[in-house]
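Q: Got a predicted model here, sequence first, then my questions.
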Amino acid sequence: MIVIVGAGLAGLACARELTRAGRPFLLLEAAPGPGGRQRTTHRDGFTLDHGFQVVLSSYPAVSRLVNIHRLEPRWFESGALLHHDGLLHHLTSPLANPLNAVFSRSLTLSDKARLAALGLRLLATSDSTIAGGCSAPGDSTTADFLRRSGFSRGFIDRFARPFFGGVFLDNALETSSALFLLYLKRFLTGTAWLPSGGISALPKAIASEIPMECLRYNTRVASVETGGGSATGVLLANGAFLPASRVVLAVDEPSACALLERPAPPPGREVAVVYFKTRTSLYRHPCLVLPDAHEPVVRHFVQITNIAPSYAPLDWHLISATVLDPARYPSDALPVLAAREITGVFPRAEGALEHLETIRVPYAVPAQPPGFAARIPFPNLPANVYTAGDWACGASIQAALDSGLRAAHRLFK
Ligand SMILES: Cc1cc2nc3c(=O)[nH]c(=O)nc-3n(C[C@H](O)[C@H](O)[C@H](O)COP(=O)(O)OP(=O)(O)OC[C@H]3O[C@@H](n4cnc5c(N)ncnc54)[C@H](O)[C@@H]3O)c2cc1C
């Protein structure tokens, strides 16, 4: 019997692939349901994702594993509203709307030319070649790469830092530049979307294709035993022992380190999302707003009902504001600080924002510094233990799903 530990995207993808191949397995999950870090709470008619998360149409693993139309995708516009010097500039993707992108005054002409040249270079390069840079010795931080490539300070501070800082949950843009290039290509060639029922609808859709008898929730694995023969298996937190011929650890990196008795990994990125409800619509575009500040409280925010009206009851709008490193602020101060920054961009928000909930995610994604993919976190694993998870190859929905699919294919060999 194959035992998969963890029903986040990586474990679900592995289990779905084994189901397709008709291989027996058991998927064990500590939580009461599937999805791991893709969680959604439904409260008083509002849909609150645990952190602002979007799927990209340029993620091939998603369409391999789910019928996207059944998730009723709600599409973002490929662009953003940039707030600068008291004005809002509408930036659109050069591929989706080239004329608007050229004539928009949101970026300087030289930054646009550099971005276009970089985009063309990326379009001519395969994803695997770009991703290979994440383990190359010459990889640098995103901030260094942008400076060396001649992008202006305005481009870095008004666009790259709020947008990609929000993607990597990294205000300083210390993330691998190769990973930045991979994401830039994915954003240029894909469109972001949300399932109308919330982000957790994605893992739930994959879980619904796995036979119920192969899935056990509320089942925490305490240790992995690799003694060989009948001594190989997993010890559950309730003391029961489950024998296994092979074990796939599809858990987050800190949990994998604990289970394998290895040193804890470098600290991951923490994030909080502050939700407001309002009856006053702040803007109408289906896209993010990027406030213009070097060290803002809110990295970006979105009136999410412009994209997915199902996220709020009729006549209400839902605002989701993303705060990086939220431990810097006392919890009760966050709603006040976030509302103040949103009002700085949209004065009509004054007095109209009602705080709904603040959700903190202490471990959102691993830190991904230059060359991060060269690190082998679990060298010398026993032959019957396999790993999967977003930490291995660039934290994203695509990376997590792809790592699960790869683990399944290794099991087939
Ligand atoms: C706030 C936030 C924003 C994000 N934004 C985006 C985005 O916009 N686009 C994007 O592509 N990606 C985004 N991501 C990244 C993406 O969500 C993750 O990379 C992905 O969900 C990780 O999946 P995973 O299966 O690797 O890990 P996890 O989701 O962490 O799954 C691991 C599972 O293992 C279980 N587990 C752990 N230990 C044990 C144990 N001992 N026994 C049994 N079970 C155990 C856990 O309960 C969990 O269910 C975001 C993530 C967060 C948190």
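A: Ah, there it is. Numbering: from 1, shown residues only.
Q: C-alpha only now, for contacts and for neighbours.
A: OK.
Q: and the helix or strand encompassing His83, what other elements does it pack with?
A: Under DSSP states H and E, the secondary-structure element containing His83 is strand 79-84. If contacts are counted by 3 or more C-alpha pairs under 8 Å, 6 or more residues apart in numbering; DSSP states H and E, strand 79-84 sits against strand 87-92, strand 288-290.
Q: Make a markdown table out of those strands and add mean neighbour count, distance to Leu118 and mean pLDDT.
A: Conversion of those to a markdown table gives the following (neighbours: other C-alpha atoms under 10 Å; distance: least, C-alpha to C-alpha, whole Å; pLDDT from 0 to 100):
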| stretch | mean neighbour count | distance to Leu118 | mean pLDDT |
| --- | --- | --- | --- |
| strand 87-92 | 18 | 16 | 86 |
| strand 288-290 | 25 | 22 | 95 |
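Q: Select the helix or strand of this protein having the lowest average pLDDT value.
A: In the chain, the helix or strand scored least confidently by mean pLDDT, DSSP states H and E is helix 98-103, which has a mean of 53.
Q: Which SSE is immediately downstream of it?
A: Counting by DSSP H and E, the element after helix 98-103 in chain order, helix or strand, is helix 109-123.
Q: For that following helix, buried residues please.
A: Of the residues in helix 109-123, those buried by neighbour count under the rule 16 or more other C-alpha atoms under 10 Å are 111-112, 115, 119, 122.
Q: ditto for stretch 312-330
A: Of the residues in stretch 312-330, those with enough neighbours to count as buried (16+ other C-alpha under 10 Å) are 312, 316-326.
Q: Which residues outside that stretch are in contact with it?
A: By C-alpha atoms under 8 Å, 6 or more residues apart in numbering, the surrounding residues in contact with stretch 312-330 are 45-47, 51-52, 166, 169-171, 269-281, 297-306, 309, 311, 338, 360.
Q: May I have the strands that pair with the biggest strand by length in the chain, each with its orientation?
A: Taking residue count as the measure and DSSP state E as the definition, the longest strand of the chain comes out as strand 354-365. In the sheet, strand 354-365 lines up against strand 269-278 (antiparallel) (DSSP bridges).
Q: roughly how far out does the strand it pairs with sit from the chain middle?
A: 15 Å (C-alpha atoms, centre = their mean, to the nearest Å).
Q: Let me see the contact set for Tyr59.
A: With the criterion set at C-alpha under 8 Å, 6+ apart, Tyr59 makes contact with 186, 397-398.
Q: how about 10 Å then?
A: 186, 190-192, 396-399, 401-402 (C-alpha atoms under 10 Å, 6 or more residues apart in numbering).
Q: near the ligand, from the residues you listed?
A: Filtering these for proximity to the ligand (criterion: C-alpha under 6 Å from any ligand atom) leaves 396-398.
Q: Just send those residues back as TSV, with secondary structure and neighbour count too.
A: TSV is the format used below for those (DSSP: H, G, I helix; E, B strand; the rest coil; neighbours: other C-alpha atoms under 10 Å):
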residue	secondary structure	neighbour count
Ser396	coil	21
Ile397	helix	22
Gln398	helix	20
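Q: List only buried entries from the contacts of stretch 312-330.
A: Members of the contacts of stretch 312-330 that pass the buried threshold by neighbour count (16+ other C-alpha under 10 Å) are listed as 46-47, 51-52, 166, 169-171, 269-278, 281, 297-306, 309, 311, 338, 360.
Q: Now narrow those to whatever sits close to the ligand.
A: Okay, of the buried ones among the contacts of stretch 312-330 touching the ligand (C-alpha under 6 Å from any ligand atom), that's 51-52.
Q: ok, Gly45 to the ligand distance?
A: 21 Å (C-alpha to the nearest ligand atom, to the nearest Å).
Q: Wait, that residue touches Lys277, no?
A: No - counting by C-alpha atoms under 10 Å, Lys277 is not a contact partner of Gly45; they are 11.1 Å apart.
Q: list the buried ones in stretch 401-413?
A: Across stretch 401-413, burial judged by 16+ other C-alpha under 10 Å covers 401-408, 411.
Q: Same question for stretch 150-158.
A: In stretch 150-158, the ones that count as buried by 16+ other C-alpha under 10 Å are 151, 154-158.
Q: okay if I get those residues as a markdown table plus distance to Met212?
A: As requested, the buried residues of stretch 150-158 are arranged in a markdown table below (distance: C-alpha to C-alpha, whole Å):
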| residue | distance to Met212 |
| --- | --- |
| Phe151 | 52 |
| Gly154 | 53 |
| Phe155 | 50 |
| Ile156 | 48 |
| Asp157 | 49 |
| Arg158 | 48 |
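Q: Point out the residues in the protein that sit beside the ligand.
A: Of all the residues in the chain, those in contact range of the ligand (C-alpha under 6 Å from any ligand atom) are 5-11, 28-31, 35-38, 51-55, 219-222, 250-252, 255, 364-365, 389-390, 395-398, 400.
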